[in-house]
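can't give you the sequence, but here's the structure:
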């Protein structure tokens, strides 16, 4: 059964997924790199984006698992582009170069229509303007029996959590303090929304936590 | 050098130190037991309060370390008593029986004066009505070169964090969701308050995180 899942989403100890004052030069916000450090330093990440080497162990295992069995991605527009508002032009093609590391259809949530963008290596960006449920429906069709991975950012994940549409969310809590910025879980009553915590898996740089939908939401 | 420190303070994945609807029957609030499970199941806890046995490893090591070198405790009145407002009488002597597990002076923050309460085994409860700095001053005198441990609850820790008086705080993040209740870090800008994260230590039931004062708060 295909799942909508969040994998490897980094938050700070105080709960922020991005730091304050995001900008083109600093898309993760001040200090925001700290929540991604564990993941960038894994062997799995370094094999794809780096020079080899990298950490093994729990962090690496989660990084690898996150990439498995993904048939489509969904992401918010801010994860695709630093631009806000209407597209000035169609020159921006994402942060990832000509051959993005997705290799499947990617559905980008935006208020501003734009033609499909076909990249090398199997990645096509589809711009979805009619909401999160529509994006999920299209992603499900594209993914078939494989999972749909919800990338981020914070606001996009919050919308899907509130709608109760996420089946499983893996959070990596990093030992950094951001102090302010975009808080992932603030004022979300996850228990009432039908989620439970599925366990802690740690020993790497981050403490990995699994949140999942309860099978029977009436039982706590 | 004597430190003011928080040790073994449990919070949920969504950041709550206690669940909603606290009561005499349920002093930790609904679901609040989940943030203490790791600690109650350690061998260190079971040796003192239980029947022996218990978990070893990281959780147990933190539980033991938390008890070492403590010369005085500070706690909020709600950690001492389920009563609110003026003392109806002086019959309530804490949750812990005649021989509480402190064995040192304990300074209880309250708005309502009450005579010192001498218990078996070296524990004396002192009721401090003139604020957190006064309690800390008295605790420092009592502790000498040993540390002062700040027990809780959430509101008490928040007051000391905001005042910048905590030297080190060990948080144990447990894989439970409380959804609402008392949130430890909400709207606290720890970075600006001069704190930094000192690392993650995990592999037990909880992910242990250390927050400490920066030696030089001007450097981030």
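In hand now; what should we look at? What you are looking at is a predicted structure, and each value in this text was computed from that prediction instead of being measured.

could you list which residues are in contact with residue A:168?
Neighbouring residues of residue A:168 by CB atoms under 8 Å, 6 or more residues apart in numbering or on different chains: A:3, A:5, A:6, A:198, A:210, A:211, A:212, A:213. Glycine gets a C-beta too; all of them are placed from N, C-alpha and C.

also near chain B: which of those residues, exactly?
Filtering these for proximity to chain B by CB under 8 Å from any CB of the partner chain leaves A:198, A:210, A:211.

would you confirm that the last one contacts residue A:167?
Which is residue A:211. No: at 10.0 Å, residue A:211 does not count as touching residue A:167 under the criterion of CB atoms under 8 Å.

of these two, who's got more company?
Neighbours per residue (other CB atoms under 10 Å in any protein chain shown) separate residue A:211 from residue A:167, with residue A:211 holding more: 22 against 17.

partner residues bridging the more buried one?
residue A:169, residue A:197 (DSSP bridges).

against residue A:139, how distant is it?
Residue A:211 is 20 Å from residue A:139, where distance means CB to CB, to the nearest Å.

what's the longest helix in chain A?
helix A:132-143 (DSSP state H).

avg pLDDT for it?
Helix A:132-143 comes out with an average pLDDT of 98.

elements contacting the following helix or strand past it?
Next helix or strand after helix A:132-143 toward the C-terminus (DSSP states H and E): strand A:147-150. When contacts are defined as 3 or more CB pairs under 8 Å, 6 or more residues apart in numbering or on different chains; DSSP states H and E, strand A:147-150 sits against strand A:4-12, strand A:70-76, helix A:132-143, helix A:154-162.

could you give the angle of the longest one to strand A:4-12?
Meaning helix A:132-143. 120 degrees (axes from the mean of the first three to the mean of the last three CA atoms, to 10 degrees).

buried residues in helix A:132-143, which are they?
A:132, A:135, A:136, A:138, A:139, A:140, A:142, A:143 (16 or more other CB atoms under 10 Å in any protein chain shown).

for chain A, what spans make up the strands?
Taking DSSP state E as the criterion, chain A carries its strands at A:4-12, A:16-18, A:70-76, A:105-109, A:117-118, A:124-128, A:147-150, A:168-174, A:182-183, A:195-201, A:207-213.

format the ones you listed as JSON lines; extra columns: mean pLDDT.
Shown next, in JSON lines, are the strands of chain A (pLDDT from 0 to 100):
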{"stretch": "strand A:4-12", "mean pLDDT": "94"}
{"stretch": "strand A:16-18", "mean pLDDT": "92"}
{"stretch": "strand A:70-76", "mean pLDDT": "98"}
{"stretch": "strand A:105-109", "mean pLDDT": "98"}
{"stretch": "strand A:117-118", "mean pLDDT": "98"}
{"stretch": "strand A:124-128", "mean pLDDT": "98"}
{"stretch": "strand A:147-150", "mean pLDDT": "98"}
{"stretch": "strand A:168-174", "mean pLDDT": "92"}
{"stretch": "strand A:182-183", "mean pLDDT": "92"}
{"stretch": "strand A:195-201", "mean pLDDT": "81"}
{"stretch": "strand A:207-213", "mean pLDDT": "80"}
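
of those strands, which is nearest residue A:89?
Residue A:89 sits nearest to strand A:117-118 of all these, at 12.5 Å, using CB to CB.

ok, now which ones touch residue A:190?
Taking CB under 8 Å, 6+ apart, one finds A:161, A:211, B:14, B:177, B:179 in contact with residue A:190.

that's all I had, so thanks and see you.
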